[in-house]
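Engineer: need the 3D shape of this:
(one chain, ligands or ions: 2)
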Amino acid sequence: MQVTSTEFIKSAFAEIDWPGDSKSEIAFLGRSNVGKSSLINSLLGVRGLARTSSTPGRTRALNFYLINGKFRFVDLPGYGYARAPKTMKAEWGAAAESYLAKREQLVLSIHIVDSRHGPSKQDLQLHEWLEHKQKPHLIIATKSDKLSNNELRKNIVAIERALNTDHVLVYSANTMRGRNEVWSAIEKCLKS
Ligand code: GTP
Ligand code: MG
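Structural biologist: Ligands and ions are numbered 1, 2, ... in the order given. The predicted structure follows:
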């Protein structure tokens, strides 16, 4: 995919703020601080379009980005930020959940996990839900640059086992490892 234009459209806190047209959407989900925004920026080859932060839990709304004037990336709030107040946790969860359940424009959900760790309880729940609802999804293990080849191989096997799949894509926002594979998966879903 040649990225010719990227544009931040809006942060949506409520359903009424979701874009109204029928353009296809790719959603990015995963635990807080796992690297969702970095993945978006590295795929698009732009710095700072999606806000990244070393403070977890920064992305609270659904953030919509228009790519090549044709389709959208949606950066969903991260789950599992332990220090967030309970009411906020409930709100973020509800916003992401209703988006995933209802959104007709959604053609692919990209579930991002940390290649250094086994999937959390919430990762397992999200995965089961996506499978159960038969939502097209892709699992990406990011931050692979932080591991040796040996550790990485071992961890990917463990993640695949935990999620009962043999399709975990290895990624790094720092080295761009896996970038072409992710784009191929996205392009396939945009065509079908
Ligand atoms: P929230 O929006 O807060 O849920 O976080 P997020 O999932 O969007 O994570 P974000 O992209 O902001 O990244 C969190 C931290 O991890 C930042 O300090 C990034 O620089 C770092 N990071 C993200 N991806 C990678 C990667 O592939 N390799 C390395 N080494 N660091 C990464
Ligand atoms: Mg983010």
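Engineer: helix/strand/coil for Ser109?
Structural biologist: Secondary structure, DSSP: H, G, I helix; E, B strand; the rest coil: Ser109 is strand.
Engineer: got a list of what it touches?
Structural biologist: By Cβ atoms under 8 Å, 6 or more residues apart in numbering, the contact set of Ser109 is Ile26, Ala27, Leu29, Leu100, Leu130, Lys135, Pro136, His137, Leu138. From N, CA and C alone the C-beta is placed, and that goes for glycine too.
Engineer: of those residues, select the buried ones using a PyMOL command.
Structural biologist: A single PyMOL command is used to select the members of the contacts of Ser109 judged buried by 16 or more other Cβ atoms under 10 Å:
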select buried, resi 26+27+29+100+130+135+137+138
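Engineer: just name the closest of the contacts of Ser109 to Phe73, please.
Structural biologist: Ranked by distance to Phe73 (Cβ to Cβ), the contacts of Ser109 are led by Ile26 at 5.5 Å.
Engineer: before we move on, back to that, out of the contacts of Ser109, who's nearest Ala162?
Structural biologist: Distances from Ala162 to the contacts of Ser109, taken by Cβ to Cβ, are shortest for Leu130, at 14.5 Å.
Engineer: now the strands for this structure?
Structural biologist: 6-12, 25-30, 62-67, 71-75, 106-114, 137-142, 168-170 (DSSP state E).
Engineer: nearest residue to whatever residue of the chain ends up closest to ligand 1 in space, please, no chain neighbours.
Structural biologist: The chain approaches ligand 1 most closely through Gly78 (2.7 Å), counting by Cβ to the nearest ligand atom. Excluding the flanking residues, the one nearest Gly78 by Cβ to Cβ, 6 or more residues apart in numbering is Ser32, at 3.2 Å.
Engineer: run a quick neighbour tally on the one you found.
Structural biologist: Counted by other Cβ atoms under 10 Å, the residues lying close to Ser32 total 21.
Engineer: I figured it was touching Ala96, is that so?
Structural biologist: No: using Cβ atoms under 8 Å, Ser32 makes no contact with Ala96, being 11.4 Å away.
Engineer: so where's this structure uncertain?
Structural biologist: 52-60, 81-92 (pLDDT under 70).
Engineer: rerun that using 50 as the cut-off
Structural biologist: Applying pLDDT under 50 to the chain flags no residue at all.
Engineer: now the nearest residue to Leu29 once chain neighbours are set aside: how far from Asn164?
Structural biologist: Leaving out its chain neighbours, the residue that sits closest to Leu29 by Cβ to Cβ, 6+ apart is Leu76, at 4.8 Å. Distance, Leu76 to Asn164, using Cβ to Cβ, to the nearest Å: 23 Å.
Engineer: with that, I have no additional questions.
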